[in-house]
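Trainee: Okay, here's the prediction I keep looking at, along with the sequence it came from:
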Amino acid sequence: GVLLLGLGIDYGIFLTAEGEDERTLCAITFAALTTMASFGLLALSETPALRSFGLTVAFGETLIFFLTPWMRRRRGS
């Protein structure tokens, strides 16, 4: 949970500081995709603890990746 909270706050800070700058959006997207991929690969592990950790973080990362811009737009309105 703390890892996902930190990533979500990080994305929010970058989106707030740089706004809709194309380079910032590309950087955030690339960071989120590589994080999803790395933890998603843990979901393929034979070890149950690693599998559940990988699934949880990959799902949470996907969720915060889509919710962060949505929450920013709602807060700004």
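Mentor: Good, I have the coordinates.

Trainee: hey, let's count contacts and neighbours off CA atoms from now on
Mentor: Fine.

Trainee: quick one: buried residues of stretch 26-43?
Mentor: For stretch 26-43, the neighbour count (16 or more other Cα atoms under 10 Å) marks 28, 32, 35-36, 39-40, 42-43 as buried.

Trainee: Would you mind giving those as CSV with secondary structure and distance to Thr16 added?
Mentor: Below are these laid out as CSV (DSSP: H, G, I helix; E, B strand; the rest coil; distance: Cα to Cα, whole Å):
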residue, secondary structure, distance to Thr16
Ile28, helix, 12
Ala32, helix, 17
Thr35, helix, 21
Met36, helix, 22
Phe39, helix, 26
Gly40, helix, 28
Leu42, helix, 31
Ala43, coil, 32
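
Trainee: Closest one of those to Val57?
Mentor: Phe39 (6.3 Å; Cα to Cα).

Trainee: The closest one touches Leu50, doesn't it?
Mentor: No: here Phe39 does not reach Leu50: they are 9.2 Å apart, not a contact under Cα atoms under 8 Å.

Trainee: List the residues that contact the residue nearest the centre of the chain.
Mentor: What sits nearest the mean C-alpha location of the chain, by Cα atoms, centre = their mean, is Glu61, with 3.6 Å. Listed by Cα atoms under 8 Å, 6 or more residues apart in numbering, the contact partners of Glu61 are 4, 7, 32, 35-36.
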